[in-house]
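*Asks:* using only what follows, build the 3D model:
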Amino acid sequence: MDKPRYYVGIDIASATFTSAVGSMGDKWQLEVRPATFANDYDSFPKYLSWLKAHGLTPENSVICMEATGVYGEVLTHFLLANHYAVSVEPPLKVKRAFKPEGTKSDPVDSVQIGEYAYRFYDQLSFWRPRAEILEQIQTLLTVREQLVVERSGHSNSLQALKRKKVHTPLAETIHAQARAELKSHIQAIETEIQRLIDQDPDFRHLIGLLMSIPGVGLLLAAHLLIVFQSTDQPLSPKRLAAYIGICPLEHSSGTSRHPTPTSRHYGPPALRKLLYLAALSLRTHNQPFRTYFERKTGQGKPKQLVINNIANRLLKIIVAVVRSKTAFIQNYRSVNPGLLKKALT
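*Replies:* Here you go, the predicted structure:
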């Protein structure tokens with residue numbers, strides 16, 4: 001695909017956003033100086049008029065901004081509705097493209113984001129909205145994780161109070177009631193997640209395939225559903241492990257060297273935690289994985305390393321099931337086609 005003529009950088013803040021335009025020539029050059037607009041829906045048509053006044057159309061331009069959560073969500077939907085190509089890039093990725101020197105401000109950042117879009121145009125991933133059901137499931141999963149943290153806090157506080165010599169019944173009652181109420185909310189969220197999944201036949205089928213795999217429950221399957229539906233990249237166990245943050249990587253510099261490759265724990269923490277819990281469940285309740293764990297730890301391998309290996313093996317199974325669109329078969333054994341043909345003849 002031919003490169004567009006104009007590259008628009010947008011730096012998003014809570015109340016405002018700043019935009020600058022660069023153009024393609026022998027090299028990237030600033031075409032339109034940064035301008036600041038209110039970050040609310042009523043001012044978006046003004047920004048659209050500003051783009052058109054400088055000759056920027058959906059056919060000759062690309063817009064790039066950093067991922068800032070909800071701050072840029074409405075603007076992104078607005079631009080997409082007006083047929084502009086929008087790329088939402090990780091802030092760290094943009095930051096690493098430039099030397100950490102000079103002035104930092106919203107206008108400067110908007111210019112750098114536009115230059116980033118020009119330099120890395122072939123690597124940009126263009127944003128697309130999630131289905132409404134997926135957006136609701138993602139929100140519910142986030143809220144559930146927050147409630148789980150709060151429930152753990154109340155449980156820990158209640159346990160500490162009960163160990164004190166002088167008891168305070170009112171404080172204990174408040175913690176107990178809060179914990180029970182949070183538990184009720186968490187159950188309601190899980191019920192709603194299941195209801196939303198059941199509304200879409202494709203989602204329901206994919207969740208059914210995932211939950212046929214030992215160790216995969218509704219929550220892990222729902223998180224994986226969000227990941228699978230949010231990317232156009234081919235499914236790959238290695239890419240998925242790197243995204244979640246369980247891919248052991250070597251870390252060395254000069255004479256400084258980690259003794260063993262370790263996972264960096266980048267990526268979504270909730271998904272990583274659920275995958276870790278699934279690996280623990282397989283180690284305890286699944287005979288092949290339990291045998292594998294005992295064999296490796298018997299050879300002197302660190303327990304945490306073996307658990308991480310189990311999680312990576314589980315990802316391979318997950319990807320195989322999704323690719324084949326076939327439910328997990330417990331005692332499945334693959335057959336070499338060449339050997340099978342030889343046996344039949």
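
*Asks:* how does this protein divide into domains?
*Replies:* 6-123, 132-199, 242-345 (automatic domain parsing).

*Asks:* distance of Gln138 from Gly22?
*Replies:* If you measure Gln138 against Gly22 using C-beta to C-beta, to the nearest Å, the figure is 33 Å. Just so you know, the C-beta spots here come from the backbone N, C-alpha and C atoms, and that holds for glycine as well.

*Asks:* am I right that Leu30 sits in a strand?
*Replies:* Yes: with DSSP: H, G, I helix; E, B strand; the rest coil as the criterion, Leu30 is located in a strand.

*Asks:* looking at Gln138 and Gly22, which is more packed in?
*Replies:* Gly22 (25 against 17; other C-beta atoms under 10 Å).

*Asks:* please identify the helix or strand for the more buried one.
*Replies:* Using DSSP states H and E, Gly22 maps to strand 16-23.

*Asks:* over to His83?
*Replies:* With DSSP H and E as criterion, His83 is part of no helix or strand.

*Asks:* list the contacts for it?
*Replies:* When contacts are counted by C-beta atoms under 8 Å, 6 or more residues apart in numbering, His83 touches Pro58.

*Asks:* and it, how far is that from Gly153?
*Replies:* Distance, His83 to Gly153, using C-beta to C-beta: 47 Å.

*Asks:* also Glu172?
*Replies:* Separation of Glu172 from Gly153 (C-beta to C-beta) stands at 15 Å.

*Asks:* picking up where we left off before, deepest in the core, which of the domains of the chain is it.
*Replies:* Mean neighbour count (mean count of other C-beta atoms under 10 Å) peaks for domain 6-123 among those, with a mean of 17.

*Asks:* quick check: mean pLDDT of that one?
*Replies:* For domain 6-123, mean pLDDT is 91.

*Asks:* and if you look at stretch 269-281?
*Replies:* 94.

*Asks:* put together a markdown table for the domains of the chain, with distance to Ser230 on each row.
*Replies:* Converted to a markdown table, the domains of the chain look like this (distance: least, C-beta to C-beta, whole Å):
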| stretch | distance to Ser230 |
| --- | --- |
| domain 6-123 | 11 |
| domain 132-199 | 8 |
| domain 242-345 | 11 |
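
*Asks:* for Ile226, which of those domains is the nearest?
*Replies:* Checking the domains of the chain against Ile226 by C-beta to C-beta gives domain 132-199 as the closest, at 5.4 Å.

*Asks:* could you work out the end-to-end span of the closest one for me?
*Replies:* By C-alpha to C-alpha, to the nearest Å, the extent of domain 132-199 from end to end equals 11 Å.

*Asks:* roughly how far does the nearest residue to Ala15 once chain neighbours are set aside sit from Glu73?
*Replies:* Using C-beta to C-beta, 6 or more residues apart in numbering and skipping residues adjacent in sequence, the residue nearest Ala15 is Asn39, 5.7 Å away. To Glu73, Asn39 is 11 Å away according to C-beta to C-beta.

*Asks:* and the helices in this structure?
*Replies:* Using DSSP state H, the helices of the chain run over residues 44-53, 73-81, 91-95, 106-119, 132-163, 169-199, 201-211, 218-229, 237-244, 269-285, 287-298, 303-324, 337-344.

*Asks:* turn those into CSV, including distance to Ala35.
*Replies:* Below are those laid out as CSV (distance: least, C-beta to C-beta, whole Å):
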stretch, distance to Ala35
helix 44-53, 6
helix 73-81, 14
helix 91-95, 20
helix 106-119, 9
helix 132-163, 30
helix 169-199, 40
helix 201-211, 42
helix 218-229, 35
helix 237-244, 36
helix 269-285, 37
helix 287-298, 58
helix 303-324, 45
helix 337-344, 63
